[in-house]
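Participant: here's my sequence, what's the structure:
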Amino acid sequence: MSKSWYEATARDRIEGLIDPGSFFEFLPPEDRVTSPHLRVLGSPAAFDDGVAVGKATLDGKAVLLAAQEGAFMGGAVGEVHGAKITGLLERGLDEKPNAVLLLLESGGVRLHEANAGLIAVSEIMRAILNLRAAGIPVIVLDGGRYGVFGGMGIASRLCSSIIMSEEGRLGLSGPEVIETTMGVEEFDASDKALVWRTVGGKHRYILGETAELVPDDMNAFRNAAIALLVQEKTLDLDAIEAEHEALAARLRRFGKVQDANDIWSALQIADSERIPLMTTEEFHQAVDGRRSA
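Facilitator: All right, here's what the predicted structure looks like:
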């Protein structure tokens, strides 16, 4: 029986992803390591500060993993939350697992802990790059209710690979932030069709920003993660320069485009106007071979 990744909690996603009974949590809720800032401000706290971190096996291979809980402050990053993820990533340099898996769901940095959260995100980014330089894959799984935005959206693009479902969203600024700062004429956050075709999993896959587009199914995420365990991408100057050139080429080609629909049409994707209605299987049949470099 299939189980939705989108509707699951952070710990449900962990249990559905890893080998049964293999998860060992670091700093579990009973340790009560919570944010000191939220207590001072009188805000609700969580005994795990909204993220579960630990080690497990996936298809018999050792992995470290972190899972953000979107139900707590939208998975926003604060000092303790970020420190737990950073500590997990740095542990990877010592333990050298087959991969580090980041089950992300985050609206960005907590306004309550803005400076501490921003510092935490920068530490996460540095730790990701150190792991990749050591040849250890860092894989993001994105399919939750709150998407992956802000600092964690940037961190995701530093990782080796990203797995998304159609329901997942990925970007720098969230739709509401864009509307607030630039106006509803620039981006209408209430237009859900616009939001999903701009930052949703299908469009990110078409642009080549996510390695896999899977159905909203726990087993589909698990199978995709297993396939990526042995596919670390080289992180060196040549790879970075190639990525910059690909981004520059995209900007030259699509820089003045107003809507994702126009990109899909320019890439000559069959029945591009039907992309939002396609099943994942139909989508791959139409899109694979037509993705942007």
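
Participant: output the biggest helix by length in the chain as CSV, restricted to C-alpha atoms.
Facilitator: Taking DSSP state H as the criterion, the chain has its longest helix at helix 114-133. These are the backbone C-alpha positions of helix 114-133, laid out as CSV (Å, rounded to 0.1, in the frame of the first residue of the first chain):
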residue,chain,number,x,y,z
ALA,A,114,17.1,35.7,12.2
ASN,A,115,20.9,36.3,12.8
ALA,A,116,21.4,32.9,14.4
GLY,A,117,19.4,31.2,11.7
LEU,A,118,21.4,32.9,8.9
ILE,A,119,24.7,31.9,10.5
ALA,A,120,23.4,28.3,10.9
VAL,A,121,22.5,28.1,7.2
SER,A,122,25.9,29.4,6.2
GLU,A,123,27.5,26.7,8.3
ILE,A,124,25.2,24.1,6.7
MET,A,125,26.3,25.2,3.3
ARG,A,126,30.0,25.0,4.2
ALA,A,127,29.5,21.5,5.6
ILE,A,128,27.7,20.3,2.5
LEU,A,129,30.6,21.5,0.3
ASN,A,130,33.2,19.9,2.6
LEU,A,131,31.3,16.6,2.3
ARG,A,132,31.1,16.7,-1.4
ALA,A,133,34.8,17.6,-1.7
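
Participant: in that helix, what's buried?
Facilitator: Across helix 114-133, burial judged by 16 or more other C-beta atoms under 10 Å covers 116-121, 123-125, 127-129, 131-132. C-beta: built from backbone N, CA, C; applies to glycine.

Participant: what's in contact with that helix?
Facilitator: With C-beta atoms under 8 Å, 6 or more residues apart in numbering as the contact definition, helix 114-133 has outside contacts at 37, 76-79, 81-83, 85-86, 89-90, 92-93, 100, 109-110, 138, 150-152, 154-155, 158-160, 232-233, 235.

Participant: helices of the stretch 151-293 of the chain, residue ranges please.
Facilitator: Taking DSSP state H, counting those that start in this stretch as the test, the helices found in the stretch 151-293 of the chain are 175-182, 192-199, 201-206, 218-228, 237-254, 260-266, 280-287.

Participant: which stretch among these comes nearest Pro29?
Facilitator: When those are ranked by proximity to Pro29, the top entry is helix 218-228, at 22.3 Å, counting by C-beta to C-beta.

Participant: can you give me how far that closest one is from the chain middle?
Facilitator: When C-alpha coordinates are averaged (C-alpha atoms, centre = their mean, to the nearest Å), helix 218-228 and its chain have centres 14 Å apart.
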